[in-house]
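*Asks:* sequence plus predicted model, see below.
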2 protein chains.
Amino acid sequence: MGNATIKDIARETGVSIATVSRVLSNSGYASQEVKEKVLSVAKQLNYQPNAVARSLKIHRTNTIGVIIPDISNSYFMKISKGIEDSIRESGYNLLFVSSDENANKEKEMLQVLFEKRVDAVVLATADESGKMVKTIKSAGIPIILIDRKLKGTTLDLDLVEEDNICAAYQLTNHLIQQGHTKIGVINGSFKVSTGIERFMGFQKAIKEYGIEENQDLCYNGNFTEEDGIEAVKHFLSLEEKPTAIVSFNNTMTFGAILQLKKSGLKIPEDVVIASYGEVEAAQFLTSPGIISIHQLPYEMGIRTGQIILDRLVHNIKGPVHEKFTPKLYVSD
Amino acid sequence: MGNATIKDIARETGVSIATVSRVLSNSGYASQEVKEKVLSVAKQLNYQPNAVARSLKIHRTNTIGVIIPDISNSYFMKISKGIEDSIRESGYNLLFVSSDENANKEKEMLQVLFEKRVDAVVLATADESGKMVKTIKSAGIPIILIDRKLKGTTLDLDLVEEDNICAAYQLTNHLIQQGHTKIGVINGSFKVSTGIERFMGFQKAIKEYGIEENQDLCYNGNFTEEDGIEAVKHFLSLEEKPTAIVSFNNTMTFGAILQLKKSGLKIPEDVVIASYGEVEAAQFLTSPGIISIHQLPYEMGIRTGQIILDRLVHNIKGPVHEKFTPKLYVSD
């Protein structure tokens, strides 16, 4: 019985491996009840900790840092919920920090998480944070990129993302097939891969149909509601107004719809809206008429959580590259 | 010049006191440029660290933990944004954790933040976490309660909240004055003070008008969208349906509106909706007809940030009790 493992204790007690590990290393939190149960079963099974394994695992803090660019965007909150739900039983806790779409702040927050000795980092980057990411990776801390690629690095990192080019292409293609040629584009930030790739998908579609790119019809934003508002103001000030608008994230779409309503314009009668990302509120429109790309943030979060557990608990090596394909959705 | 203080260096260099402190104690993050500037000015002013002051301050981690019950609720995200904006210049960083409206998880997260040695904790409690809060307070870490009171404790803690009774009273009073006597109530959790107090405000109003409390017209939820959906299903199944519905948070209101639309009912022609908390999406309704209590989460967050800085930087003692009075808003 001297070869009982942490796994055996977890099975016998019905608590997670991570919790057993916390109790046995006397680190992190566990309720008194769980502690007693684990210690009693460990004694019963005559558990002998493996010194090498312990020295490797004892420095764990059972926390995972999650860096998101916008804490008020429901897309990132759904990703966070997915991660939370998939690691809930594992005994790990999540620390969320916001970079506010700011590269300097992101670097600072990576440093903070590193100092807090988190066991893994999930990063939806607002920019290329190559150097700090390298430091963290060198320290043996797994980093999982979510939604956005890291520019200018050759590090082999786990990545869970969407097929942005394909989805933006589909969205634009649908508008063109409806007969639109004057399409206003509300771009996200060109500092992040999703902003760049969605515009690439747009360009690919108009090129295929021989439509020329028109700078007047491109508004370059930074993924905020205010950008959507400003973009619509700009489009409505043009002599040749667009007949359709494609917006490259949910928050900008929300702003655009608000401003269109304020200007007394009807969707889709006066202008058609195509959104990369769902806008839940659009369900309240009398005739929704919103064409949208339905993203899968919750599912992406679940997958991210699984990858974290693969790296931290199951000792499965990476990197993996998961690409989700969001679906085009046309409401009645 | 031997009496120069950290404040003097901060003024001369134009960086925050917290950053100067980090550089001089060689802890936490500061850019190379800032480090050089601070050290050069310190030398120039012949700064001599006060050993007692240093020993008191050196253990700071420049992080503040924020515990919120629902990371996908825009109300708490606006509070978070307010805190973030008001401490931005101070050099402190925020760590957000979610309790998922779960008392056990909240206790665990308090423990995690304590282990991470945060300098202060902001808590929107999901329950009475008296014991762990006491431990943290005993360790000299300021705790600021936001939105929700802590039950069953006599600890003198800072508190930033709304006048829930008054606002819920106003909301109900408005419905009664419109002639409604059959009012459906969607309650939040009775485990938290806001849930209890809003219902008390409702009770106060109907009592004043001699309207009897009707159990069939009370749906007790837990502040989720699903609760709003289920509450409306329940109300519509009744023989005597309510002519108005009062919902005690924004998320439940969203669910209620969705379900009413799905059931083919018009707002406000078929049923009037009164919401504690704004629903941004309601701006998309053709005839909004939503009566709502406009909360001030961003302002509450700003005030919370100021209190944090009072405790950590300006050395001003508490506790303070701030009560915001949200306003009744009737859309055209």
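*Replies:* Looks like it arrived, so ask away.
*Asks:* relative to residue A:251, how far out is the residue in the stretch 151-300 of chain A that chain B sits nearest to?
*Replies:* Of all residues in the stretch 151-300 of chain A, residue A:281 sits closest to chain B, at 3.0 Å by C-beta to the nearest C-beta. In this view, the C-beta of every residue, glycine as well, is placed from N, C-alpha and C. When distance is defined by C-beta to C-beta, to the nearest Å, residue A:281 is 11 Å away from residue A:251.
*Asks:* and the two? Which one has more around it.
*Replies:* Between residue A:281 and residue A:251, counted using other C-beta atoms under 10 Å in any protein chain shown, the more crowded position is residue A:251 (24 against 20).
*Asks:* contact partners for that one?
*Replies:* A:70, A:73, A:223-225, A:227-228 (C-beta atoms under 8 Å, 6 or more residues apart in numbering or on different chains).
*Asks:* following the chain onward from whatever helix or strand it lives in, which element is next?
*Replies:* Assessed by DSSP states H and E, residue A:251 sits inside helix A:250-262. Next in sequence after helix A:250-262, counting helices and strands by DSSP H and E, comes strand A:272-276.
*Asks:* list the buried residues in that next one.
*Replies:* A:272-276 (16 or more other C-beta atoms under 10 Å in any protein chain shown).
*Asks:* same question for stretch A:100-107.
*Replies:* For stretch A:100-107, by 16+ other C-beta under 10 Å, it's A:100-101, A:105-107.
*Asks:* related to what we said a few turns ago, greatest separation within the contacts of residue A:251: which pair is it?
*Replies:* Farthest apart among those by C-beta to C-beta are A:70 and A:228. That separation is 13.7 Å.
*Asks:* what's around the nearest residue to residue A:132 once chain neighbours are set aside, how many residues?
*Replies:* Among residues not flanking residue A:132 along the chain, residue A:110 sits closest, at 4.3 Å (C-beta to C-beta, 6 or more residues apart in numbering or on different chains). Counted with other C-beta under 10 Å, residues neighbouring residue A:110 total 25.
*Asks:* residue A:110 in helix, strand or coil?
*Replies:* Classification of residue A:110 using DSSP: H, G, I helix; E, B strand; the rest coil returns helix.
*Asks:* which ones are touching it?
*Replies:* A:67, A:121, A:123, A:129, A:132-133, A:136.
*Asks:* low-confidence stretches in the stretch 51-200 of chain A?
*Replies:* Residues of the stretch 51-200 of chain A that meet the criterion pLDDT under 70 lie in A:51-59, A:128-129, A:152-154.
*Asks:* the helices in it, which residues?
*Replies:* Taking DSSP state H, counting those that start in this stretch to define them, one finds helices in the stretch 51-200 of chain A at A:51-57, A:74-87, A:103-115, A:130-138, A:164-177, A:193-208.
*Asks:* residues of chain A that sit close to chain B?
*Replies:* Proximity of chain A to chain B is confined to A:28-29, A:61-63, A:71-72, A:74, A:77-78, A:80-81, A:84, A:93-98, A:100, A:108-109, A:111-112, A:115-116, A:254, A:257-258, A:261, A:280-286 under the rule C-beta under 8 Å from any C-beta of the partner chain.
*Asks:* how many other residues sit next to residue A:35?
*Replies:* 16.
*Asks:* now do the SS call for the nearest residue to it once chain neighbours are set aside.
*Replies:* Closest residue in space to residue A:35, ignoring its immediate chain neighbours: residue A:23 at 5.2 Å, by C-beta to C-beta, 6+ apart. Following three-state DSSP, the label given to residue A:23 is helix.
*Asks:* pretty sure residue A:23 contacts residue A:33?
*Replies:* No: Residue A:23 lies out of contact with residue A:33 (C-beta atoms under 8 Å); the separation is 11.0 Å.
*Asks:* thinking again about what came up before, mind checking which of the contacts of residue A:110 are buried?
*Replies:* A:67, A:121, A:123, A:129, A:132-133, A:136.
*Asks:* among the residues you listed, which one sits closest to chain B?
*Replies:* Distance to chain B, by C-beta to the nearest C-beta, is smallest for residue A:132 among the buried ones among the contacts of residue A:110, at 9.7 Å.
*Asks:* how close does the closest one sit to residue B:253?
*Replies:* 42 Å.
*Asks:* before we move on, what about residue A:78?
*Replies:* Relative to residue B:253, residue A:78 is positioned 20 Å away (C-beta to C-beta).
*Asks:* what about those two, which has more around it?
*Replies:* residue B:253 (27 against 20).
*Asks:* per-residue pLDDT of that one, please?
*Replies:* At residue B:253, the pLDDT value in this model is 95.
*Asks:* rewinding a little: and residue A:70 and residue A:228? which has more neighbours close in?
*Replies:* In this view residue A:70 and residue A:228 are compared by other C-beta under 10 Å, and residue A:228 has more residues nearby, 29 against 22.
*Asks:* which residues sit in contact with the more buried one?
*Replies:* Counting by C-beta under 8 Å, 6+ apart, residue A:228 has contacts A:186, A:221, A:247, A:251-259.
*Asks:* before we move on, what about residue A:283?
*Replies:* By C-beta under 8 Å, 6+ apart, the contact list for residue A:283 reads B:258, B:261, B:281.
*Asks:* and those residues as JSON lines, adding pLDDT?
*Replies:* JSON lines is the format used below for the contacts of residue A:283 (pLDDT from 0 to 100):
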{"residue": "B:258", "pLDDT": "92"}
{"residue": "B:261", "pLDDT": "89"}
{"residue": "B:281", "pLDDT": "77"}
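*Asks:* so which of the residues you listed also contact chain A?
*Replies:* Restricting these to those near chain A - C-beta under 8 Å from any C-beta - leaves B:258, B:261, B:281.
*Asks:* for the residues you listed, which one is nearest chain A?
*Replies:* Nearest to chain A among the ones next to chain A among the contacts of residue A:283: residue B:281, at 3.0 Å, using C-beta to the nearest C-beta.
*Asks:* quick check: phi and psi on the residue nearest to the closest one when sequence neighbours are not counted?
*Replies:* In space, and not counting its chain neighbours, residue B:281 is closest to residue A:281: 3.0 Å by C-beta to C-beta, 6+ apart. Per-residue torsions, residue A:281: phi -60, psi -20 (degrees, to the nearest 10).
*Asks:* residue A:281 reaches residue A:258, doesn't it?
*Replies:* No: taking C-beta under 8 Å as the definition, residue A:281 is not a contact partner of residue A:258, at 9.2 Å.
*Asks:* about what we covered before: now, the contacts of residue A:251 that are in helices?
*Replies:* A:225, A:227-228 (DSSP state H).
*Asks:* how about those in TSV, adding distance to residue B:169?
*Replies:* As requested, these are exported to TSV (distance: C-beta to C-beta, whole Å):
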residue	distance to residue B:169
A:225	33
A:227	40
A:228	37
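*Asks:* tell me which of those is nearest to residue A:156?
*Replies:* residue A:227 (33.8 Å).
*Asks:* and for the closest one, nearest residue in space, chain neighbours not counted?
*Replies:* residue A:221 (2.8 Å).
*Asks:* check the burial of the closest residue to residue A:228 other than its chain neighbours by counting its neighbours.
*Replies:* Of all residues not flanking residue A:228 in the chain, residue A:255 sits nearest, at 2.6 Å (C-beta to C-beta, 6+ apart). Using other C-beta under 10 Å, residue A:255 has 22 neighbouring residues.
*Asks:* and if you look at residue A:99?
*Replies:* 24.
*Asks:* check residue A:262 too.
*Replies:* 12.
*Asks:* now do it against residue B:212, distance only.
*Replies:* Noted for residue A:262: a distance of 44 Å to residue B:212, by C-beta to C-beta.
*Asks:* how close does the closest residue in space to residue A:122 that isn't next to it in sequence sit to residue B:116?
*Replies:* Closest residue to residue A:122 apart from its sequence neighbours, by C-beta to C-beta, 6+ apart: residue A:66 at 4.5 Å. Using C-beta to C-beta, one gets 14 Å for the distance from residue A:66 to residue B:116.
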